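>>> Got a predicted structure plus its sequence, pasted below:
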Amino acid sequence: MKHLKRIAVALVLFVAATSFVQAQSKIAHIDVTELLSAMPAMKNAEAELQKLSETYNADIESSITEFQNKATQYQNEAPSKSKEENEKRAVELQGIQKNIGEAQQAAQRELQKKQNELFAPISDKAKAAIEKVAAAQGYDYVIDAQAGGGLIVANGKNLLAEVKKELGI
């Protein structure tokens, strides 16, 4: 009777282990950041974003220079002006400072908005290519292999070369 129980337990463990091995999914990894940076569309988008950023920065730098010149002028003329005139000038300078700060914030918002507009279709294209390659090769899961991407060990198959080929890069 004990022999029969041991055989039954061994048989159950064998069936469970066999089904566990069969149930394991195929996993691959890819460095999504490396893939995106290799895509020509991403390079074009980054260049466009850089150009826009430089334009905003030039405008803001111009405003800052104008503010500094006006502040220096007002400071030099302060002794020869009335108290009321100096107070009006101080309020004017504060208003200019506020406008510069608002312009900086608006530029940041516009750059973020433009970045989202430019990068979303590129990211979607890369994701579709990853899904297509993974499905063709029978992978159930593809993990981002970038540092901090939640991956501890990256010994699985790297799909970067195949996905680049799919994208024509």
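Received it, and whenever you're ready, just let me know what you need.

>>> By mean pLDDT, which helix or strand of the chain comes out lowest?
helix 2-23 (a mean of 49; mean pLDDT, DSSP states H and E).

>>> Toward the C-terminus, what is the element adjacent to it?
Sequence-wise, the next helix or strand downstream of helix 2-23 (DSSP states H and E) is strand 27-30.

>>> In terms of secondary structure, what does that following strand contact?
helix 83-137, strand 141-144, strand 157-158 (3 or more C-beta pairs under 8 Å, 6 or more residues apart in numbering; DSSP states H and E). Where C-beta positions appear, they are placed from N, C-alpha and C, glycine not excepted.

>>> would a markdown table of those with mean pLDDT and distance to residue 55 be doable?
Formatted as a markdown table, the helices and strands packed on strand 27-30 follow (pLDDT from 0 to 100; distance: least, C-beta to C-beta, whole Å):
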| stretch | mean pLDDT | distance to residue 55 |
| --- | --- | --- |
| helix 83-137 | 93 | 9 |
| strand 141-144 | 82 | 33 |
| strand 157-158 | 79 | 39 |
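
>>> can you redo these as a markdown table with distance to residue 56 and mean neighbour count?
Putting the helices and strands packed on strand 27-30 into a markdown table (distance: least, C-beta to C-beta, whole Å; neighbours: other C-beta atoms under 10 Å) gives the following:
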| stretch | distance to residue 56 | mean neighbour count |
| --- | --- | --- |
| helix 83-137 | 4 | 14 |
| strand 141-144 | 31 | 17 |
| strand 157-158 | 39 | 16 |
